[in-house]
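K.L.:
Fold the following.
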Amino acid sequence: MGSELTVNRDRLWDTLMEMGRIGALPNGGCSRSALSEDDKRGRDLFIDWCRKAGCHVSFDAAGNIYARRPGRNPERPAVATGSHLDTQPHGGKFDGIYGVLAGLEVVRALNDARIETDSPIDVICWTNEEGVRFGPPLAGSQAFAGMLNVATLHESPTTDGTTVGEDLRRTGFLGSELPGSRALDCFVEAHIEQGPILEAQAKTIGVVTHIIGIRWSIVTLTGVDSHAGTTPMDRRRDALVGAAEMITTLNQMARDQDTFARLTVGKIEVSPNSGATIPGKTTFVCDLRHPDAAVLDSLEERMHAGMLRIAEQRGLRIEIARSINIAPLKFAQELVDTVRNTANELGYTNIDMLSGAGHDAMNVARVVPTAMIFVPCKDGLSHNEAESAAPEDLAAGAHTLMHTLLARAGRA
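P.N.:
Purely as a prediction, here's the structure:
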């Protein structure tokens, strides 16, 4: 394999830290929501680095960035890697960003070693993985996979009162290439785990075999606004109390299901949101996840039935609208085996694992053979300013990524 060919740990770390200064937050994290001014600054810096590394940079109509290191045979489909540069509002320095800059480090390391590959290598930055300023999340990779119409994406409103199409034109990232039209041999995404398993088991590399299914339901409860002091307790139609009962019930259902079930209510809106008025309307988002499609269906059905029952008991009108439905998937076995074999040959301890988080790779996998490489993050913490990872683990992931890509791209 030529394991003496490695990446530059310190250069990778320095690159991550320099990117982390854009949109920096007081407690060490970053805030770069997609197509914001800070996201543009981060993207521009990435593009500058890629061009200095000899890559040709282009965009598609969803604003996805493709940095191509040429191969000896330009007709061969590119071997691809990457992730995203946008963050959560209180995000860290590594979620998504690591996968993009690990890909850049692979290019730099191959340049250092003067290695030419048969196939081109693409480092991709997908647009709006996090879904902070506009929806849907994972927008760029959904467009690439044919799951999201470009015109629909362009018409999507942002939290700043613009549209995505306007922002793409303003920032200069609106390309003419149709998302999904470029041929890729494969896609391998490196990422921090965002969970505690690798750290707890003292493993360096997570070989991701499956990715979890995700269902989002938007639940709207309508009762009656009424006076907090004059309405007897037994005559109230309190939408917030109904939501609270539903949330605790759903939480218990997920806990009783199995160790793979995940249920989260992280967003709730209350109207009229006044301390002296009984809430007449409450809306919350139910995020349900499981790696087994049949269990996901069953659990969702039971949860909806439970909410309907509570609404009837409390005299509330209920509406349940599914907004996200991403099926569980299994990554390409041949590519997963390549990641595992590569980690073993390079001497990195590793385990097979599933991803409980959604990633761009889950969309790309619908149309291109795909795999993921996880590395540990401290205390499994992510979507938090305190998100942290060790330089040696990040380098090990990039080292594994490089040799996985070389196994597909071939040395000229």
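K.L.:
So which residues of the stretch 151-300 of the chain form strands?
P.N.:
Counting by DSSP state E, counting those that start in this stretch, the stretch 151-300 of the chain has strands at residues 184-192, 205-211, 213-222, 226-227, 262-271, 277-278, 281-290.
K.L.:
The first one vs strand 205-211, what angle?
P.N.:
Comparing the axes of strand 184-192 and strand 205-211 via axes from the mean of the first three to the mean of the last three C-alpha atoms, to 10 degrees yields an angle of 120 degrees.
K.L.:
Can you list the strands that strand 184-192 pairs with?
P.N.:
strand 78-83 (parallel), strand 370-375 (parallel) (DSSP bridges).
K.L.:
These into TSV, with extra columns for mean neighbour count and mean pLDDT?
P.N.:
Bear in mind the C-beta positions are built from the backbone N, C-alpha and C, glycine included. Output for these, formatted as TSV (neighbours: other C-beta atoms under 10 Å; pLDDT from 0 to 100):
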stretch	mean neighbour count	mean pLDDT
strand 78-83	27	98
strand 370-375	27	98
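K.L.:
Columns distance to I318 on top of the ones you listed, output as TSV?
P.N.:
Output for the strands paired with strand 184-192, formatted as TSV (distance: least, C-beta to C-beta, whole Å):
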stretch	distance to I318
strand 78-83	38
strand 370-375	37
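K.L.:
what's the closest of the strands of the stretch 151-300 of the chain to N384?
P.N.:
With C-beta to C-beta as the criterion, N384 lies closest to strand 184-192 of those, at 11.7 Å.
K.L.:
Tell me how far the closest one lies from the chain's centre.
P.N.:
13 Å (C-alpha atoms, centre = their mean, to the nearest Å).
K.L.:
mean confidence score for that strand?
P.N.:
When pLDDT is averaged over strand 184-192, the result is 98.
K.L.:
Repeat that for stretch 261-273.
P.N.:
96.
K.L.:
in that stretch, what's buried?
P.N.:
Across stretch 261-273, burial judged by 16 or more other C-beta atoms under 10 Å covers A261, R262, L263, V265, V270.
K.L.:
And stretch 166-176, by the same measure?
P.N.:
Result for stretch 166-176 [16+ other C-beta under 10 Å]: buried residues E166, D167, L168, T171, F173, L174, G175.
K.L.:
Run a quick neighbour tally on the nearest residue to G140 once chain neighbours are set aside.
P.N.:
Spatially, and ignoring its direct neighbours in sequence, G140 is nearest to T127 (3.3 Å; C-beta to C-beta, 6 or more residues apart in numbering). T127 has 32 neighbours, counted by other C-beta atoms under 10 Å.
K.L.:
Distance check, the residue lying closest to D160 once chain neighbours are set aside against F284.
P.N.:
Using C-beta to C-beta, 6+ apart and skipping the chain neighbours, the partner closest in space to D160 is R133 (6.7 Å). Going from R133 to F284 by C-beta to C-beta, to the nearest Å gives 21 Å.
K.L.:
contacting residues around the closest residue to F173 other than its chain neighbours?
P.N.:
Nearest residue to F173 in three dimensions, chain neighbours excluded: G63, at 4.1 Å (C-beta to C-beta, 6+ apart). Residues near G63 by C-beta atoms under 8 Å, 6 or more residues apart in numbering: L35, T127, N128, G140, V164, L168, T171, F173, L174, G175.
K.L.:
Would you mind measuring from the residue nearest to D160 to H359?
P.N.:
R133 is 19 Å from H359, by C-beta to C-beta.
K.L.:
So for those two, which sits in the more crowded spot?
P.N.:
H359 (24 against 21).
K.L.:
biggest helix in the protein by residues?
P.N.:
Longest helix in the chain, counting residues (DSSP state H): helix 293-313.
K.L.:
What is the nearest of the buried residues of stretch 261-273 to L405?
P.N.:
Among the buried residues of stretch 261-273, and counting by C-beta to C-beta, the member closest to L405 is R262, at 31.1 Å.
K.L.:
Please tell me how far that closest one sits from L138.
P.N.:
For R262 relative to L138 (C-beta to C-beta), the value is 17 Å.
K.L.:
again, but for T230
P.N.:
Following C-beta to C-beta, the distance that separates T230 from L138 is 48 Å.
K.L.:
Grab the nearest non-local neighbour of I373.
P.N.:
A190 (4.6 Å).
K.L.:
Counting neighbours, what do you get for that neighbour?
P.N.:
30.
K.L.:
surely it meets D360?
P.N.:
No. Counting by C-beta atoms under 8 Å, D360 is not a contact partner of A190; they are 11.8 Å apart.
K.L.:
low-scoring stretches of the stretch 51-200 of the chain, by residue?
P.N.:
Scanning the stretch 51-200 of the chain with the threshold set as pLDDT under 70 gives no residue ranges.
K.L.:
R68 in helix, strand or coil?
P.N.:
Following DSSP: H, G, I helix; E, B strand; the rest coil, R68 is assigned to strand.
K.L.:
Return the residues in contact with it.
P.N.:
Counted by C-beta under 8 Å, 6+ apart, R68 has contacts C55, H56, V57, S58, A78, P120, I121, D122, V123.
K.L.:
give me the beta-bridge partners of the fourth one?
P.N.:
Which is S58. As assigned using DSSP bridges, the partners bridged with S58 are Y66.
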